[in-house]
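> with the sequence up front, the predicted model follows.
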Amino acid sequence: MIFQENLFLSVVFIVFALSAAVQLFYYLRFYYAVPRYRHPQANTGRQPVSVIICARNEAENLRNFLPSILEQDYPDFEVIVVDDCSEDETYSVLGSFLLKYPGLKISTVSKDPRFTHNKKFAQFIGIKAASNEILLFTDSDCKAASPGWITGMASNFDEKTELVLGYSGYMKREGLLNKYIRYDTFMIALQYLGMAIRGIPYMGVGRNMAYRKSLFFRKKGFEGHTHVISGDDDLFVNANATGTNTRVDFRKDSHTMSLPCTTLKDWIIQKKRHFTAAPYYKTRHKFLIITEPLTRMLFYISFIILMIPLFLWQVTAAIFGIRFISQIIVLVQGQKILNEKGIAGYSLFFDIFSPVINSVIFVSNTISRSGKNKWK
């Protein structure tokens, strides 16, 4: 009877209930897969590894973070740094490391006004220079969380594994922006790691991922998206990862930590660059990625509409509570696994506004096409 008396609120309630169901599906099926995951027995073969880092005007970051890569506790590895048209002291910094670390190799790309390129070209140069089959990638503004980083990531490769997706968080700093950056990275990781665990790998982050050199050349590298400014990591994974050839590793020793943006403007530019790859994802992956934030917005909007007149408020509050409790359980356990202390509390606030923020940035990026010539 109550549904017949108020058709509008009845429709809103149905939207609310369906949105809550979809949200619970994502949290319990994908996000909760991360804290529940048990890493399989490691491969103890210690295969040779080539670590590849691309750098453009990163002298200070290399000086601070490269030693954490060069001093890994691993018996057979090389570190290839591609100095891509740097105009600062990058080459001098790398030269000083050469005297101390014989495993360091430098590839230099000289600036040519007749030829412009994005990061994929530098990545290709590094891959060509690699001596080993296992390629492990990170960035010049990243540091390894432990001396066992290479050991952890490389131990996942067996006769079936061709890609390994790792976790790279951002260093903790003061301020609301840093908290949001860490929250955003944490939630994205729960999604791409959880979906990979469930047999639907769709992306990885170039700050911490690995794949076989033979896979790169067998699949013709970045063919199909060389013109896209980003995608040296996520588009390559999207095109080549399967439920059987991909593993994840987010044990704490296998993490890398990245230097976060310190201004809102820089973060928006970075976010826009990442969004340039999204239209090139496979259709089913785009559907899965869009559905979660869309239903989250519908969930909160419909909840507010229903609570103003207290329409079926007991049922509405119960559904909201079930989703809220499930969210808390998943996020608290997830932050422990990914070593992101303090994220869960702030995420309850950011959860409401994040879909709006991302939508505004994505639409703005689509209209302006900004960052088209940005390397990083």
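Arrived safely.
> since we're on Gln41, how many residues are nearby?
Using other C-beta atoms under 10 Å, the number of residues around Gln41 comes to 8. In short, each C-beta sits where N, CA and C put it, glycine included.
> mind starting the numbering at 45 from now?
Happy to do that; since the first residue is 45 now, the last one works out to Gln85.
> let me see the confidence value for it.
pLDDT for Gln85: 79.
> contacting residues around it?
Neighbour list for Gln85: empty [criterion: C-beta atoms under 8 Å, 6 or more residues apart in numbering].
> that one falls within a helix, correct?
No: using DSSP: H, G, I helix; E, B strand; the rest coil, the assignment for Gln85 is coil, not a helix.
> for the protein, give me the ranges with low pLDDT.
45-49, 88-89, 156-160, 412-420 (pLDDT under 70).
> just the helices in it please.
Per DSSP state H, the chain carries helices over the ranges 46-49, 51-69, 77-80, 103-114, 134-142, 163-173, 193-198, 220-241, 257-262, 278-284, 308-319, 327-351, 357-381, 387-412.
> for these, which one ends up most surrounded?
Each of the helices of the chain was scored by mean neighbour count; the highest is helix 193-198, a mean of 25, by mean count of other C-beta atoms under 10 Å.
> kindly export it (C-alpha atoms) in CSV.
What follows is helix 193-198, C-alpha atoms only, in CSV (Å, rounded to 0.1, in the frame of the first residue of the first chain):
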residue,chain,number,x,y,z
TRP,A,193,61.4,-6.4,-2.8
ILE,A,194,62.9,-8.2,-5.8
THR,A,195,62.8,-11.5,-4.0
GLY,A,196,59.1,-11.1,-3.2
MET,A,197,58.1,-10.1,-6.7
ALA,A,198,60.3,-12.5,-8.6
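> residues making contact with it?
Outside helix 193-198, the residues that reach it (C-beta under 8 Å, 6+ apart) are 86-87, 90-91, 93, 95, 113, 116-118, 121, 178, 180, 188, 208, 210, 252, 254, 293, 295, 297-300.
> again with stretch 390-397
Lys223, Tyr224, Tyr227, Asp228, Phe230, Met231, Arg340, Tyr344, Gln371, Ile372, Leu375.
> the same query, at a cut-off of 10 Å, please.
Residues outside stretch 390-397 that contact it (C-beta atoms under 10 Å, 6 or more residues apart in numbering) are 220, 223-224, 226-228, 230-231, 340-341, 343-344, 368, 371-372, 375-376, 378-379, 384, 387, 398, 401.
> starting at the chain centroid, how far to it?
Stretch 390-397 has its C-alpha centroid displaced from the chain centroid by 19 Å (C-alpha atoms, centre = their mean, to the nearest Å).
> same question for stretch 132-141.
The answer for stretch 132-141 is 29 Å, by C-alpha atoms, centre = their mean.
> ok, now stretch 114-134?
On C-alpha atoms, centre = their mean, the centre of stretch 114-134 falls 22 Å from that of its chain.
> can you list the buried residues in it?
Neighbour counts using 16 or more other C-beta atoms under 10 Å place 114, 116, 118, 121-130, 133-134 of stretch 114-134 among the buried residues.
> then it to CSV, C-alphas only?
Taking Å, rounded to 0.1, in the frame of the first residue of the first chain, the C-alpha atoms of stretch 114-134 are listed here in CSV:
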residue,chain,number,x,y,z
LEU,A,114,70.6,-1.1,-6.0
GLU,A,115,71.1,-2.5,-2.5
GLN,A,116,68.5,-5.3,-2.8
ASP,A,117,69.2,-8.6,-1.2
TYR,A,118,69.1,-10.7,-4.4
PRO,A,119,71.8,-12.8,-5.9
ASP,A,120,71.4,-12.0,-9.6
PHE,A,121,69.9,-8.7,-10.8
GLU,A,122,70.7,-5.6,-12.8
VAL,A,123,69.2,-2.1,-12.6
ILE,A,124,68.7,-0.3,-15.9
VAL,A,125,68.0,3.4,-15.6
VAL,A,126,66.8,5.1,-18.9
ASP,A,127,67.9,8.7,-18.8
ASP,A,128,65.3,10.2,-21.1
CYS,A,129,66.3,13.6,-22.3
SER,A,130,67.1,14.9,-18.8
GLU,A,131,68.3,18.5,-18.5
ASP,A,132,69.3,18.4,-14.8
GLU,A,133,72.0,16.5,-13.0
THR,A,134,70.5,13.1,-13.7
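> count of residues packed around the closest residue to Met239 other than its chain neighbours?
Spatially, and ignoring its direct neighbours in sequence, Met239 is nearest to Phe74 (5.4 Å; C-beta to C-beta, 6 or more residues apart in numbering). Per other C-beta under 10 Å, the neighbour tally for Phe74 reads 22.
> hmm, Phe74 is touching Gly238, no?
Yes: using C-beta atoms under 10 Å, Phe74 is in contact with Gly238, at 3.6 Å.
> quick one on the thing from earlier: OK, contacts around the residue nearest to Met239?
So Phe74 contacts 234-242, 244, 332, 336, 374 (C-beta under 10 Å, 6+ apart).
> thinking again about what came up before, are any of the contacts of helix 193-198 buried, and which?
93, 95, 113, 116, 118, 121, 178, 180, 188, 208, 210, 252, 254, 293, 295, 298-300.
> in strands, which of the contacts of helix 193-198 fall?
Val93, Val95, Phe121, Ile178, Leu180, Ala188, Val208, Gly210, Ala254, Asp293, Thr300 (DSSP state E).
> nearest to Asn200, out of the contacts of Phe74: which one, please.
Ala240 (11.8 Å; C-beta to C-beta).
> domains of the protein?
By the assignment in automatic domain parsing, the chain contains the domains 46-78+328-412, 84-322.
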